[in-house]
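Asks: Next one to model:
(one chain, ligands or ions: 1)
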Amino acid sequence: MSGKEQQGSGNIQVVCRVRPFNKSELEMGSVPCVEFLDQQTIRVKLTNTDGKEKADNKQLFNFDRVFNMETTQEQIYEVAAKPVVQSVLEGFNGTVFAYGQTSSGKTFTMQGASIDDEKLKGVIPRMVKTVFQHISDAPDHIEFRIKISIVEIYMEKIRDLLDNTKQNLVVREDKQRGIYIQDVTEQYVSNEQDVFDLLRIGNQNRAVTATNMNEGSSRSHMLFMMSVSQNNLNDLSAKTGKLILVDLAGSEKVAKTGAEGRVLDEAKTINQSLSSLGNVINALTDGKSSHIPYRNSKLTRVLQESIGGNSKTTLIVTCSPSPFNDLETLSTLRFGIRAKAIKNKAKVNREVTVAELQVLLAKIEKQLEEKTRRVAQLEDYIQQLGSQLPSETNLNQQEDQTQIIDSQEEIPQNPAQISNIEEIVRSKLSDEDLKMQHNLQEQITQLQEVLEIEKNNVTVQTEKLSILRKEFTKITAKCMTLEKENENLVQRLANLNLQVSEEKLVNENKDKEIDQIHEENLKQREEMAKEIESLKQIKDNLLLKLEEQMEQLEEYEKKDSQKKAQFFLEEQKEAETYIIELKNENKLLRENQKKKDEFIQQLMSMESLSSDVKQFINTFNQSQVEVNEPEGEIFQDLKKKISFLETQLLGEKRYGHDLQKQIRSFRKEKENMMQEFKQELEKEQIKQQKKVEEVKLEYEKKIIKLTEDLQNRVDKVVELEIKLDESREREAKLQDFITSDEKTRMKKITTLENNMQDLTKMYYEQQSQSQNWKVDSQVTDNKIQRKNERIIELENELSKTKDELIQTKAKLESLKKSFSSSIGIERLKNLGTPMNQQARSPISSSNNFSQKLQAEEQEGNNQSGKDNFTQNLMQIQELNFSNNLLSANKVVKPLRGGNQKTSQTSSFQLEELKFN
Ligand SMILES: Nc1ncnc2c1ncn2[C@@H]1O[C@H](COP(=O)(O)OP(=O)(O)OP(=O)(O)O)[C@@H](O)[C@H]1O
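Replies: Next up is the predicted model:
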């Protein structure tokens, strides 16, 4: 695999999916709050409360891909997840995670409605197929090992969904393994079914609750992790790709989901960890943060490699199309846009095994062997061709000879030769001659010394020259680099100035921002405190009101019952009076009955009396017939009385009948009245009951409304409290940030300012130095030029001297010859001349000698030997003079600054250079 293939740096892929309307949304006749402009662009249409679209509503979002409501599970998988899975099979780390509001379709996307349904199964079951398909298509020498782990992050605890006993796992970091969950269950799998079984177990153990928004709302973030290790049995290489598929818990508004109690706590934790995820994304993308707060939540810690690390990552943002959720959809899309800017650096996780290295070593050894064999073959071939193979040392020498050493011009002067000549001359010359010769020798030595000095000077000068040349080139180079450095420094200085001013500006802005945020926070806090206070007041008022209303209700109920009781009492009273009346009437009736009975008895007694009377009358009548007439009158009276009594009886009977009738009608009336009363009473009772129930219902409704209101307010209070906590946290962080970051920034600024001052100083120093250097270089240039001139002069003089020396030598040679020949003649002539007369200074003695010669000349001893001698003497004088002149010239005439001094300086300089 090439290096390019092994590296994969790029942004996180972000795709957006909008789910279809659910049943209740369809029933409401909702119109989508999103519009799909093309395959990459989506627009959110925000509406006012009247349902009309808001003015200036251009909420456009661009993603790597936008999936509309009709998108199938397969389409999502092919575009969003399959490339990541394929990267994992190549040895990369890969992550696919779904983010969105509760009930927006995260679980549907990641797992699907059913893992067994071909159409509805989600990313996880589909991925399994791709992996096992790849394994079955892979060549035989590739060995695969697949491990599965499933965990959930619930209430900031990592729970192992494959082992219920592991309830609080720990995240660790390792150089080799990267970020990993310690002790998590890693189950080896060998086929698709194994994975599905584990998935089922994991789903069974996952925390799910029904909320107002979702029947099966995930209360945790679920992470499905798969590691795919591959061993190549041929080259023994190994690589491991890790895949993480994340079904996040949904962000939710507690007011909408109706969360309370435990569910509310869950919602708080979910929202908190999602906001930590948002913070990490912000820190990664704002381009300013040096610290990424991965450790603020378990979720971000586990996903550290996936967000901004070694992973190929796809984020699926899921949205609801309902206008009811438009603001949540908007914030989800904004989250996706921020995440899109994250850059990851994925690389193949290759493991270099010992076995692999051994194979590599064996390969290299084999190559080496082949190369050695080839060399031997080539050597044979060369020898066969008759060529000599260079030995190793020759080869080394050849290599060493690459350095060219400058050879110095040899001066034609040989001290050995001179010493030879000296000896010959010494053996042949007399003392005076020897003296002369000695003088000459001295002169020659002087000349040689001068020559030597000059030679040394020249060497020194040449060396100096080369050193100076080198120095000059160095200085020039240095000057150039300094100039460059200077330019860079100026540039840097300008940049630093810019940076500092920018930093200052940024700082000022930040300060302003911080102040603003601080102020805003304070305001918000005040507002929130006020709001909370007012809400508390409202809550208290509501509670008071509720209590009052409850009291009123109780009072009302009391009053109602009192009223009812009174009403019943009155009714009872009425009924009682009525009953009393009826009783009275009954009494009357009974009295009448009594009377009637009495009367009937009377009547009966009267009837018996009348029958007695009748009997008596009959007996009387019978007896009347027998007795007399006057008794007939009594009878008549009795008859009248009887008839009167009979009419009275009849009247009484009628009266009795009437009374009975009356009693019957009274009874009927009473019964009817009782019936009516009962009916009315029942009706009234039902009415009252209905009324009571209505009132009760009304109150219950009111209570429910008030409780709902109260709950909403409590929710609001909770939300506000969460917000307050968050803003407090934010403020605390800001404070930290302000204190720590600001301090470091201030430090940075001061160090930058110091640096700037130093740099400015340095810049000026450098400038003055470079100026000095320029002057120095000019001076050195001039010096070099002068020295060059002087060297040329010296060289000329040297060559002159050399010529002269050669001439002198030649003359000396010829002189020696003629001297030796003439000395013989002279000796013969001046045998009586004392030796001490000749022992004077060379010049004076030679002058005397010349005077003598001149005298002899004048004397006319004109022999050829004598002429020669004179000529030679003249020549010697000339030579002496020129030599003196030359030596005077050479020794006295100083080089610039004095010859000795220069030679001293140069030797000093040389010492210095040697030392350097
Ligand atoms: N693309 C879709 N097609 C058909 N039905 C869908 C789609 N997306 C989601 N649903 C349905 O919507 C409901 C909610 O979906 P899901 O449970 O996946 O939401 P979620 O985002 O996971 O919610 P939570 O965060 O509360 O767990 C489910 O009944 C699901 O079947």
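
Asks: OK, contacts around Gln101?
Replies: 250-252, 318-320, 325, 328-329, 332 (Cβ atoms under 8 Å, 6 or more residues apart in numbering). Placement of C-beta: from N, CA and C, glycine included.

Asks: Distance-wise, check it relative to Ala494.
Replies: 50 Å (Cβ to Cβ, to the nearest Å).

Asks: What is the helix or strand that contains Gln685 packed up against?
Replies: Secondary structure assignment for Gln685, by DSSP states H and E: helix 631-736. Where contact means 3 or more Cβ pairs under 8 Å, 6 or more residues apart in numbering; DSSP states H and E, helix 631-736 is packed against helix 254-257, helix 262-285, helix 431-626.

Asks: Mean pLDDT lowest where, among those helices?
Replies: Among the helices and strands packed on helix 631-736, helix 254-257 has the lowest mean pLDDT, at a mean of 62.

Asks: Does the residue nearest to Lys58 when sequence neighbours are not counted belong to a helix, a strand or coil?
Replies: For Lys58, ignoring the flanking residues on the chain, the nearest one in space by Cβ to Cβ, 6 or more residues apart in numbering is Arg43 at 7.5 Å. Here Arg43 is strand, with the state taken from DSSP: H, G, I helix; E, B strand; the rest coil.

Asks: okay but Arg43 is in contact with Cys33, surely?
Replies: No: applying Cβ atoms under 8 Å as the test, Arg43 and Cys33 come out as separate, 9.6 Å apart.

Asks: Comparing these two, which shows the higher neighbour count?
Replies: Cys33 (24 against 15; other Cβ atoms under 10 Å).

Asks: got a list of what the more buried one touches?
Replies: Here Cys33 is in contact with 44-47, 321-323, 325-326, 329 (Cβ under 8 Å, 6+ apart).

Asks: Kindly recompute the last result at 6 Å.
Replies: 45, 323, 326 (Cβ atoms under 6 Å, 6 or more residues apart in numbering).

Asks: what are the phi and psi values for it?
Replies: Backbone geometry at Cys33, expressed as degrees, to the nearest 10, gives phi -90, psi 10.

Asks: Please give the number of neighbouring residues around Val263.
Replies: If we define neighbours as other Cβ under 10 Å, then Val263 has 18 of them.

Asks: right, I mislabeled it, should have said Pro32
Replies: Using other Cβ under 10 Å, the number of residues around Pro32 comes to 20.

Asks: List the residues that contact it.
Replies: By Cβ under 6 Å, 6+ apart, Pro32 lies in contact with Pro321.

Asks: Could you tell me whether it really is in a helix?
Replies: No: Pro32: not assigned to a helix; according to three-state DSSP it is coil.

Asks: who in the stretch 301-450 of the chain is up against the ligand?
Replies: Thr318 (Cβ under 6 Å from any ligand atom).

Asks: In the stretch 701-850 of the chain, which residue sits nearest the ligand?
Replies: Asp715 (17.6 Å; Cβ to the nearest ligand atom).

Asks: if we can go back for a sec, tell me the confidence at the residue nearest to Lys58?
Replies: The predicted local confidence for Arg43 is 92.

Asks: quick one: it from the ligand, how far?
Replies: 20 Å (Cβ to the nearest ligand atom, to the nearest Å).

Asks: Kindly report the same for Glu547.
Replies: Going from Glu547 to the ligand by Cβ to the nearest ligand atom gives 37 Å.

Asks: Could you report the neighbour count for that residue?
Replies: By other Cβ under 10 Å, neighbour count at Glu547 equals 10.

Asks: now do the one 5 residues further on
Replies: Gln552 sits with 13 neighbouring residues when counted by other Cβ under 10 Å.

Asks: Could you pick out the residues of the protein near the ligand for me?
Replies: So the chain meets the ligand at 19-20, 22, 100, 102-108, 113, 214, 216-218, 249-250, 318 (Cβ under 6 Å from any ligand atom).

Asks: Tell me the buried residues within those.
Replies: Buried subset of the residues of the chain next to the ligand (neighbour count, 16 or more other Cβ atoms under 10 Å): 19, 22, 100, 102-108, 214, 217-218, 249-250, 318.

Asks: can you tell me which of the residues you listed are in strands?
Replies: Here DSSP state E is the test, and those give 100, 217-218, 318 as lying in strands.

Asks: list the buried ones in stretch 225-242?
Replies: Using 16+ other Cβ under 10 Å as the test for burial, stretch 225-242 gives 225-231, 236-242.

Asks: can you check stretch 488-495 too?
Replies: Residues 489, 492-493 are the ones in stretch 488-495 that count as buried (16+ other Cβ under 10 Å).

Asks: Also stretch 721-732?
Replies: 722, 724, 727, 730-731.

Asks: Of the contacts of Gln101, keep whichever come out buried.
Replies: 250-252, 318-320, 325, 328-329, 332.

Asks: Could you identify the least confident member of those residues?
Replies: Within these, pLDDT is lowest for Glu252, at 68.

Asks: so Ser87 touches Lys312, yeah?
Replies: Yes: at 4.5 Å, Ser87 counts as touching Lys312 under the criterion of Cβ atoms under 6 Å.
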